[in-house]
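# sequence first, predicted coordinates after that:
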Amino acid sequence: MQKTVSLKQNSEFHRVYYKGKSRVCPVLVTYAMKSRGHGCRIGITTSKKIGSAVERNRCRRIIRAAYASLAPDTAGDWDIVFIARHRTKHVKTPEVESAMRRHLTELGVIRSI
């Protein structure tokens, strides 16, 4: 299993927000944009509206685990930002994974078979 590369700079997040395409569902918001030879990089955002630090960290862990199972299916170089929503803290990883798969397929990150 290879290590996931993260977006860290605020400017990288903003570039994906403004130039990328997005998909929304009650559990997750996904932004994706083609990158230039960096491989697939992801960023995860959870606001304080989600809840306490424990709840925000749980949301990040769930999103990271869901992406880890989908990472081998990604095609090309992409910058992806996942935003947790209020319902994310109440669901399990498989539900987030199915929403994420649907979003990434619609955005062209995962090629449908």
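On my side now, so go ahead. Numbers count the residues shown, from 1 in each chain.
# where do the helices sit along this protein?
For the chain, applying DSSP state H gives helices covering 10-19, 53-70, 93-107.
# dump these into TSV; add distance to residue 84 as well.
In short, each C-beta sits where N, CA and C put it, glycine included. Shown next, in TSV, are the helices of the chain (distance: least, CB to CB, whole Å):
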stretch	distance to residue 84
helix 10-19	14
helix 53-70	4
helix 93-107	9
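# okay if I get the ones you listed as a markdown table plus mean neighbour count, mean pLDDT and distance to residue 82?
Formatted as a markdown table, the helices of the chain follow (neighbours: other CB atoms under 10 Å; pLDDT from 0 to 100; distance: least, CB to CB, whole Å):
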| stretch | mean neighbour count | mean pLDDT | distance to residue 82 |
| --- | --- | --- | --- |
| helix 10-19 | 14 | 95 | 11 |
| helix 53-70 | 17 | 96 | 5 |
| helix 93-107 | 18 | 96 | 7 |
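# right, and those helices - which one's nearest residue 86?
helix 53-70 (9.6 Å; CB to CB).
# the closest one vs helix 93-107, what angle?
Helix 53-70 runs at 60 degrees relative to helix 93-107, counting by axes from the mean of the first three to the mean of the last three CA atoms, to 10 degrees.
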